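A.B. asks: this is a predicted model, with the sequence first.
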Amino acid sequence: MRTQFGRHSYRAFPSKQGGLVLFIALIVLVAMTMAGIGMVRSIDTGTMVAGNLGFKQSAINSAESGLREAYQWLVDNAGGGGLSNTNTGKGYYSSRPANEPDWTDADTWEDAVVLAPDATGNSVSYVIHRMCTQPDTPYNGANAGVANQCALTASSTMPGAGGSMSVGSYSFAGTPQVYYRITARTQGPRNTESYVQAMVAISN
């Protein structure tokens, strides 16, 4: 008696996936995307900061031209009482302000001298204040009976200024130099603004 056994084929079925690998891949992809965006923004910010610093330095350098121009005007008009009177057409005030101006206020620069824009697009303006208490008065004069007080390198009441400190030594009386304050403002690209002040002493 022949017994016939049937042949059966067995096929392995894949185990059911829970989607864990896909979830991890998505997390990694999001993390890499965020890292890339952060790197791009960091580079853009660094470039912007470097550019702003460059514009700021350019504005400061341009302000130097305003200081030189104002100083030259003082030198050209010194002597003979040429600096005793206010000249708003040249941005010059013969006395210091009673209160420190708000340099960011446009009205403060109403009488300022404005130079032609330079090659970098910076526009420079300046004002000059004589560091004296009385306007339109010689540095050693008086206004309505009030003596003018100025910041000087040497007081005219001290004839020995500049001489040797030893007893019995020779001394000399020089012409006092009055101090002037020059304030320069630069307005440039990207709304760049820079303010520079300098004190200079000019003989009268």
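C.D. replies: Yes, it's here.

A.B. asks: helix, strand, or coil at residue 59?
C.D. replies: On the three-state scheme (DSSP: H, G, I helix; E, B strand; the rest coil), residue 59 is labelled helix.

A.B. asks: low-confidence bits of the chain, can you list those?
C.D. replies: Along the chain, the parts satisfying pLDDT under 70 run over 1-19, 40-57, 154-174.

A.B. asks: can you give me the helices for it?
C.D. replies: Ranges of helices in the chain, per DSSP state H, are 20-77.

A.B. asks: quick one, strands of the protein?
C.D. replies: Secondary structure of the chain (DSSP state E): strands located at 92-93, 113-114, 123-130, 142-143, 146-147, 177-188, 192-203.

A.B. asks: can you name the residues in contact with the first one?
C.D. replies: It stands for strand 92-93. Residues outside strand 92-93 that contact it (C-beta atoms under 8 Å, 6 or more residues apart in numbering): 73, 83, 86, 127-130, 135. From N, CA and C alone the C-beta is placed, and that goes for glycine too.

A.B. asks: coming back round to it: closest one to residue 37 among the strands of the chain?
C.D. replies: Smallest distance to residue 37 across the strands of the chain (C-beta to C-beta): 29.0 Å, for strand 192-203.

A.B. asks: would you mark the buried spots in the closest one?
C.D. replies: Residues of strand 192-203 classed as buried by neighbour count (16 or more other C-beta atoms under 10 Å): 192, 194, 196, 198, 200, 202.

A.B. asks: and those residues, which is closest to residue 178?
C.D. replies: residue 202 (6.1 Å).

A.B. asks: tell me what the closest one is bridged to.
C.D. replies: With DSSP bridges applied, residue 202 shows beta-bridge pairing to residue 178.

A.B. asks: in contact with it, which residues?
C.D. replies: Taking C-beta under 8 Å, 6+ apart, we find residue 202 in contact with 74-75, 78, 83, 177-178, 180.
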